[in-house]
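Show me how the following folds:
(chains A and B)
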Amino acid sequence: MIGRLALALLATGIPSAATAGPGQPESLVAIRNLRILPVTSPPIEQGVLLIRGDRIAAAGRDVAIPAGARIIDGAGLTAAPGFFDSYTGLGLIEVAGVPASNDSQEPGGVTPQLRAVDAYFLDSELLPLVRNAGTLIVLSVPGDRNVVAGQSALMRTTGATVEAAAVKEVAALHANLGEASRTTGFRTRMGAVAALRQILMQARRRAAASDQPPDPRLDPVVSALRGELPMVIRAHRRDDILVALRLSDEFGFDLVIAGGADAPLVASELAERDVPVLVQPDLQPATLETAGVRYDNAALLSRAGVRVAFQSNETTLSRQLVPNIGLAVAYGLPHDEALKALTLYPARIFGVDDILGSLDAGKEATFFLSRGDPLQVLTPIVSIFVKGREMAPRSYQTDLCQEFIASAQESIPCLPAR
Amino acid sequence: MLRARLSAVAIALAGVAVGASGHAGQSRQVVIRDATILPISAAPLAAGSIAFRDGIITEVGENVAVADDAQVIDGAGRYVLPGIVDVHSHLGVSPWPWVPGNSDVNEDGRDPLTPELKVVDAFDSSDPALRWVAAGGVTTIMVLPGSANVIGGQGAVMKLRLGRSAEEMLFDEAPRILKIAVGENPKAAYGGRGQMPGTRMGVMALLRDALSRAQAYRARWELWEQAADSARGEAPAFDPKLDVLADVLRGDVRVHAHTYRRDEFLGLLRLADEFQFELGSFQHAMDAYRLGPELARRGVGVAVYADAFGRKLEHWDQVPQTAAYLNSLGALVTLHSDFPFFAQRLHIEAAKLVRYGGISEADALRTVTLNAARLVGVDRWVGSLEVGKHADVAVYDRHPFDSFALVQQTFVDGRLVFDRQRDREWLERTP
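Below you'll find the predicted structure:
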């Protein structure tokens, strides 16, 4: 079995850099006859997307294609910016049930010193799978249980090195309220919040003092208090969300709510403070703290002026994020808002909208081509570009399909046809 | 209080059960007119109608006779399909909210062989998730015990007659069911305590031992039953476990096996040959694509996820083309849910087969309707829109493979159990 895993890993290949080395000309690619979803402006029909090196040089209807450009015919295809999955265990969890391949949920209860980037498994077999589903950027979260779980990394789903894959090696500090803390040694919500408040107070004292030696445990909390790092707090019940708001008011950190089953009940408070919510579109009212969740959460929050981004809080099921967003649209979230909640809004929330989140000239060429509306489950994704480098939608699963199915039944497609 | 909160939410999410009392709409003819009808057993009708009365479909066609007192539903722009049959559900035995006091799915830790257990004895017909999945167009579910025990117990086929008791929800015509489980789950539930099974060998040894004892038990009883009255001594001792397994050996109970790997499939097929019992399906069946022709030849049902996988090592090698491939070989393939969320979105799960496996739309829909009914053994009554079958009908506002599609109405036995419009009105009246 492990042998199979290793083989499949080799087969998926190691990406090489798209940018040219010194002295070499930058690659130039023009995709024409293409429907472009720039996200920041209305869709462009019959457009041209011009990619120079790892950047978008132009996106529009009347773009002159320079001589020497490699031309791709985009007839029937749609280009969309790489989707963000704004809260996942990807990179940290491979086979969840195999401890050797699971680096999420460090014991300890209060562990701000943890950094997801230190364990991000670049060769994860799951990364090609989510990439092939259009998710090109993930917030890799150290865990959804510890009261303070550590620092997430905003990562591309491919890269020659961890540093090259990283959009932000440290993207946010994470805390968890509600039922989760019960698995980490706290028996009550009071206990968990007291621990969170205690470390916030320690960090506040430290922030006020000068000439302190480095402290890997407190420094990230200090960064959050200084507004250098947003604090993502996972909270579902209305009172848990209100605790997060109170702490944010008291300590002055930039708050982002993750989960937020009851968030629509406090939408005006969230909107007033401009606190975004990372919505999990398939969240079920299956537990006590999520009993209030509704499929129209994203629509209700968006209507109330709350910024929303989508997340799976998943690993192996992360590729289902986009099909599940169909529910948010069916329950009233406008289609273009759903698209933005996968692209521009998370880019803004995590402060990377200068390079990602839309298909505008000057931004990174990290996008995908689909045959139809990328929010539709039936729409195949036929090609992926990360920093200008094109990748075929292969994975260990398409390799297994080739080996066992295509060899026996030619009519079954293992890869979507471009 | 908690239940009240959950119920309110389940309604808000998914639907209030309407007409829960009485048989409203049953004796009165219901006609859904001018809709796209996807009967599954026949070609789609672009502008068709369906009529039902007394819980039974009476007509499907371009034009149907409408009784004077009929309730006529305008189906313009709507898609009408048979209710979805979910062949792997734990609804009712793992009801919301998921707190320890509510979990009745695994009687594990003492004896890995518990054929005497019956899910109907623990089925909570007030589980809010039942309403939730009815709002996803599901009308029939095969409820199975969990997979911690090697022989988990007797499942039940239920119809989503919301508001009724567990007994009233039973699909009376359905065959009896026994759930067995091999692989990692029973190994994890027992091996860690130093008890058998700790290996796949142990799992198979336990099954073989139980079936051998059942064989002897059955022989004892048959000998006693066949003996002349004068020669008949005291009846053999009744054994609640072996009695169920003896019924399995008699062919009175269909066995559904939770299994992922092909070596397990082959082991179970050997066991079925050795003891001559009916293997209804392999559930989860991840490796089915590695054993396609053999599974098609044997006729054993194959129930898989569309593209979910990977919590465990034994579920890592899933490929989303499995169902399409098995279908192309003529095997009996279905999708299953295993979780409430997938259960509510089985029509979207079926769409994934088209996307990943290039299967035809009709065949994809069959994996959650007619094939599923066959696997369970209820295809004479449900799984397609045919005259004489149960009026289990779901009405969608868009094609069921459209990501933005929602079920608007669900009928079970001709009774409206979910209506999105009334649902909305209910919500708007609620602060």
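
And residue 311, what's its pLDDT?
All of this is about chain A. For residue A:311, the pLDDT comes out at 98.

that answer is for a different chain, and I need it for chain B
Per the predicted model, pLDDT is 91 at residue B:311.

May I have the residues that are in contact with it?
Applying Cβ atoms under 8 Å, 6 or more residues apart in numbering or on different chains to residue B:311 gives the contacts A:95, A:96, A:97, A:316. C-beta coordinates here come from the backbone N, C-alpha and C atoms, glycine included.

and it, helix, strand or coil?
Secondary structure state of residue B:311, per DSSP: H, G, I helix; E, B strand; the rest coil, is coil.

One more: residue B:201?
The three-state label given to residue B:201 by three-state DSSP is helix.

Next one: it relative to residue B:371, how far apart?
According to Cβ to Cβ, to the nearest Å, residue B:201 stands 33 Å off from residue B:371.

Kindly report the same for residue B:385.
15 Å.

Start and end of stretch B:332-345, how far apart?
End-to-end distance for stretch B:332-345, by Cα to Cα, to the nearest Å: 21 Å.

any residue of that stretch up close to chain A?
Yes: on the criterion Cβ under 8 Å from any Cβ of the partner chain, stretch B:332-345 is in touch with chain A at B:340, B:341, B:345.

what sits against the first one?
So the one you mean is residue B:340. Shown in contact with residue B:340 (Cβ under 8 Å, 6+ apart): A:284, A:286, B:91, B:96, B:129, B:132, B:133.

re the thing from before, show me which of residue B:201 and residue B:371 is the more surrounded one.
residue B:371 (27 against 11; other Cβ atoms under 10 Å in any protein chain shown).

any idea how far residue B:257 is from the more buried one?
18 Å.

List the residues that contact residue B:232.
Counting by Cβ under 8 Å, 6+ apart, residue B:232 has contacts residue B:224.

re earlier: using JSON lines, lay out the contacts of residue B:311 together with pLDDT, neighbour count and secondary structure.
Listed next are these as JSON lines, based on pLDDT from 0 to 100; neighbours: other Cβ atoms under 10 Å in any protein chain shown; DSSP: H, G, I helix; E, B strand; the rest coil:
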{"residue": "A:95", "pLDDT": "96", "neighbour count": "22", "secondary structure": "coil"}
{"residue": "A:96", "pLDDT": "95", "neighbour count": "16", "secondary structure": "coil"}
{"residue": "A:97", "pLDDT": "95", "neighbour count": "16", "secondary structure": "coil"}
{"residue": "A:316", "pLDDT": "95", "neighbour count": "25", "secondary structure": "coil"}
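
So which of these reach chain B?
Residues of these in contact with chain B (Cβ under 8 Å from any Cβ): A:95, A:96, A:97, A:316.

Max pairwise distance over these: which two?
Greatest spatial distance in the ones next to chain B among the contacts of residue B:311: A:97 and A:316, 10.6 Å, computed using Cβ to Cβ.

if I look at the residue in the stretch 201-350 of chain A that chain B sits nearest to, how far off is residue B:264?
Residue nearest to chain B within the stretch 201-350 of chain A (Cβ to the nearest Cβ): residue A:326, separated by 2.9 Å. As for residue A:326, its distance to residue B:264 is 35 Å (criterion: Cβ to Cβ).

Which of the residues in the lengthiest helix in chain A are classified as buried?
Longest helix of chain A, by residue count under DSSP state H: helix A:189-208. Neighbour-count burial for helix A:189-208, counted by 16 or more other Cβ atoms under 10 Å in any protein chain shown, picks out A:189, A:192, A:193, A:195, A:196, A:199, A:200, A:203, A:207.

how far out from the middle of the chain is the very next helix or strand once past that helix?
Going down the chain from helix A:189-208, the next helix or strand is helix A:219-225, by DSSP states H and E. Counting by Cα atoms, centre = their mean, to the nearest Å, helix A:219-225 is centred 22 Å from the centre of its parent chain.

circling back to that earlier point, turn the residues of stretch B:332-345 next to chain A into a markdown table, including secondary structure.
Listed next are the residues of stretch B:332-345 next to chain A as a markdown table, based on three-state DSSP:
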| residue | secondary structure |
| --- | --- |
| B:340 | helix |
| B:341 | helix |
| B:345 | coil |
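
Look up how far residue B:290 lies from residue A:365.
Residue A:365 is 39 Å from residue B:290, where distance means Cβ to Cβ.

Name the spans of chain B whose pLDDT lies under the cut-off.
B:1-26, B:426-431 (pLDDT under 70).

Any residue of stretch A:406-418 touching chain B?
Yes: contact of stretch A:406-418 with chain B (Cβ under 8 Å from any Cβ) involves A:408, A:409, A:411, A:412, A:413, A:414.

Output the set of residues of the stretch 301-418 of chain A in proximity to chain B.
Neighbours of chain B within the stretch 301-418 of chain A, by Cβ under 8 Å from any Cβ: A:315-317, A:319-320, A:323-327, A:329-331, A:375-380, A:397-398, A:400-401, A:404-405, A:408-409, A:411-414.

Can you select the buried ones among these for me in PyMOL?
Filtering these down to the buried ones (16+ other Cβ under 10 Å) takes a single PyMOL command:
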select buried, chain A and resi 315+316+317+319+320+323+324+325+326+327+329+330+331+375+376+377+378+379+380+397+398+400+401+404+405+409+412+413+414
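
So which of the residues of the stretch 301-418 of chain A next to chain B sit within helices?
Counting by DSSP H, the part of these found in helices is A:323, A:324, A:325, A:326, A:327, A:329, A:330, A:397, A:398, A:400, A:401.

Quick check: the last one touching residue A:412?
I take that to be residue A:401. Yes: proximity of residue A:401 to residue A:412 meets the contact threshold set by Cβ atoms under 8 Å, at 7.3 Å.

hey, what's in contact with both of the two?
residue B:321.

Any regions of the stretch 101-250 of chain A where pLDDT drops low?
By pLDDT under 70, the stretch 101-250 of chain A has no low-scoring segment.

hmm, try it at 90
Within the stretch 101-250 of chain A, the segments meeting pLDDT under 90 span A:181-185, A:210-212.

For the residue of it found nearest chain B, list the residues it contacts.
Using Cβ to the nearest Cβ, residue A:126 is the residue of the stretch 101-250 of chain A that sits closest to chain B, at 7.7 Å. Neighbouring residues of residue A:126 by Cβ under 8 Å, 6+ apart: A:90, A:94, A:315, A:316, A:318, B:310.

hmm, try it at 6 Å
Contacts for residue A:126 were tallied using Cβ atoms under 6 Å, 6 or more residues apart in numbering or on different chains; they are A:90, A:315.
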